[in-house]
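*Asks:* Predicted coordinates and the sequence they were generated for:
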Amino acid sequence: MLKVVVLISGGGSNLKALLDAAADSAYPAQIVAVGSDTDASGLEYAREAGIPAFIVRPRDYEDRAAWGEAFAAGIREYEPDLVVSAGLMRVLPADFVREFSPRLINTHPALLPLYPGAHAVRDALAAGATETGVTVHIIDEGVDTGPVLRNRSLTILDGESEEDLHERIKQIERPLLVDTVRDIATGDLQLGTSPAAD
């Protein structure tokens, strides 16, 4: 059974998808803890599921490196096989990344390497793109530059708003993340392998 720690900053819809999947005894991964950099509303899903949750706020530390070490210590306590950044809206310090990568993955609302960064949906629309999607990738020391594990595309609709497009991306993001974690757990997906599109 693959032991997973999930990291969030917001509403936790990807976390909920993973918790729902893991509630099935046939799913080969177990969520052992949820960590956050803020009092995220999504932590309620962890509490409802009886999963331990911890918060490590950057403002409580003198710099990013000190925060990263404290966040890493919180994760280390649960000895995970995989760490999933599922909406953690913060660039992780290099030492943190080096400790957990390549068993440190992230979801991103674009077809990387296109539109990295915090405003991927807005950037795709601004560029006049006709297609975008979601990517699950290994976190490296860059911003959304790590090896792509899986991606899934969708067509951008004429006149679509940023909010509506982001919502449609989330609809394909959740099952893609659930499937990716399952395939890592079963060994069907090796971390560090070449890109594979669905």
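*Replies:* Ah, there it is.

*Asks:* so how far is the lengthiest helix in the chain off the chain centroid?
*Replies:* If you go by DSSP state H, the chain has its longest helix at helix 162-186. Computed by C-alpha atoms, centre = their mean, to the nearest Å, the chain-centroid distance of helix 162-186 equals 9 Å.

*Asks:* Which residues outside it are in contact with it?
*Replies:* Applying C-beta atoms under 8 Å, 6 or more residues apart in numbering, the contact partners of helix 162-186 are 1-2, 4, 13-14, 17-18, 21, 27-29, 82, 84, 86, 105, 107, 109, 121-122, 124-125, 132-134, 136, 149-152, 154, 156-157, 189, 191, 198. For glycine as for every other residue, the C-beta is placed from the backbone atoms N, C-alpha and C.

*Asks:* Out of those, list just those in helices.
*Replies:* 13-14, 17-18, 21, 121-122, 124-125.

*Asks:* Residue 138: what's it in contact with?
*Replies:* Taking C-beta under 8 Å, 6+ apart, we find residue 138 in contact with 101-102, 104-106, 146-147, 149, 191-192.

*Asks:* now the strands for this structure?
*Replies:* 2-8, 29-36, 53-55, 82-85, 104-108, 131-138, 148-155 (DSSP state E).

*Asks:* tell me which residues of the second one are tucked away?
*Replies:* Of the residues in strand 29-36, those scored as buried under the neighbour-count criterion (16 or more other C-beta atoms under 10 Å) are 29, 31-36.

*Asks:* Reformat the residues you listed as TSV; add pLDDT.
*Replies:* Shown next, in TSV, are the buried residues of strand 29-36 (pLDDT from 0 to 100):
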residue	pLDDT
29	98
31	98
32	98
33	98
34	98
35	98
36	98
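
*Asks:* Show me which of these is closest to residue 140.
*Replies:* Nearest to residue 140, judged by C-beta to C-beta, of the buried residues of strand 29-36 is residue 35 at 19.6 Å.

*Asks:* Show me what that closest one is bridged to.
*Replies:* Beta bridges link residue 35 to residue 7, residue 54, judged by DSSP bridges.

*Asks:* rewinding a little: next, the angle strand 29-36 makes with the longest helix of the chain.
*Replies:* Here helix 162-186 points in a direction 130 degrees away from that of strand 29-36 (axes from the mean of the first three to the mean of the last three C-alpha atoms, to 10 degrees).

*Asks:* Return the residues in contact with residue 16.
*Replies:* By C-beta under 8 Å, 6+ apart, residue 16 lies in contact with 42, 45.

*Asks:* again, only using 10 Å
*Replies:* Contacts for residue 16 (C-beta atoms under 10 Å, 6 or more residues apart in numbering) come out as 8, 42, 44-46, 48-49, 86, 174.
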